[in-house]
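Asker: model the following, please.
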Amino acid sequence: MSIYKTYAVLGLGRYGQAVAEELINNGAEVLAVDIDQGNVNRAAETIPVCKCADITDLETMKRLGIGNMDVVVVAMANHLEACVMAVTLCKELGVETVIVKCGSEMHQKILSRVGADKVIFPEKESGVRLARNLLSAGFSEMIELSDEVSMVDMQVKPDWVGKTLIELGLRQKYAINVVALRKADKISTTIDPTMPLESGMQLIVIADTAKLKKLK
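Answerer: So this is what the prediction gives:
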């Protein structure tokens, strides 16, 4: 996903605020919403667009423009009913991707059933990491190996098709080390750098996290 997407974060506890701040710090457009005015006031110090509103009400969600968002993060793990309503309304309004913070496996099943595209457990994925995954251009998965190095699963870009790894010079240009190729759910760690890349292939790479931004 590109940072040129529009995002909404519903719920401004520590997790939701961390997601929103990381997105904003990387240049994304973010709408942050919470029903608690105190949370909104606190978050407004670092998040430019904060609204106090009931995200379980359809008309309110329409007024907020939630239906125009590309990605909505629902960050209210302790309020299952509100999460279910928020996910349902987001999907009803046509939001393409709805990601929900979850408190238990039972809640995960419920939220997936009502339409959540991804359900995450906060103890396994920090708010900052979620935001970085959302911001990673063309990466279907991003795993931080350290503060400086990440492993990502990325699609072969259209202008790379038909070119070899030698021709692309990814290591020299972006400090990217290709460790495996994925094609039709088959992964190969035996890489021929003279083989032309094909459309639909994915590269599993290890790279300097900061330099990955050059690929956006």
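Asker: for the closest residue to Arg63 other than its chain neighbours, give its distance to Glu81.
Answerer: Leaving out its chain neighbours, the residue that sits closest to Arg63 by CB to CB, 6 or more residues apart in numbering is Ala53, at 8.0 Å. To be clear about C-beta, it is placed using only N, CA and C from the backbone, and glycine gets the same treatment. Taking CB to CB, to the nearest Å as the measure, Ala53 falls 17 Å from Glu81.
Asker: which residue of this structure lies farthest from its centroid?
Answerer: Distance to the chain centre peaks in the chain at Thr194, reaching 33.1 Å (criterion: CA atoms, centre = their mean).
Asker: list the contacts of that one.
Answerer: Thr164, Ile166 (CB atoms under 8 Å, 6 or more residues apart in numbering).
Asker: neighbour-wise, which of Ala53 and Glu81 wins?
Answerer: Set side by side, Ala53 and Glu81 give different neighbour counts by other CB atoms under 10 Å, the larger being at Ala53 (17 against 9).
Asker: CA atoms of stretch 87-102 as PDB?
Answerer: Extracted as PDB, the C-alpha positions of stretch 87-102 are listed here (Å, rounded to 0.1, in the frame of the first residue of the first chain):
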ATOM      1  CA  VAL A  87     -16.600  -2.900  11.000                       C
ATOM      2  CA  THR A  88     -20.200  -3.500   9.700                       C
ATOM      3  CA  LEU A  89     -20.800   0.200   9.000                       C
ATOM      4  CA  CYS A  90     -17.400   0.600   7.300                       C
ATOM      5  CA  LYS A  91     -18.100  -2.300   4.900                       C
ATOM      6  CA  GLU A  92     -21.700  -1.000   4.300                       C
ATOM      7  CA  LEU A  93     -20.100   2.400   3.300                       C
ATOM      8  CA  GLY A  94     -17.700   0.700   0.900                       C
ATOM      9  CA  VAL A  95     -14.400   0.800   2.700                       C
ATOM     10  CA  GLU A  96     -12.000  -1.500   0.900                       C
ATOM     11  CA  THR A  97      -9.800  -2.500   3.800                       C
ATOM     12  CA  VAL A  98     -10.800  -2.700   7.500                       C
ATOM     13  CA  ILE A  99      -8.200  -3.800  10.000                       C
ATOM     14  CA  VAL A 100      -9.300  -4.400  13.600                       C
ATOM     15  CA  LYS A 101      -7.500  -4.700  16.900                       C
ATOM     16  CA  CYS A 102      -8.700  -7.800  18.700                       C
END
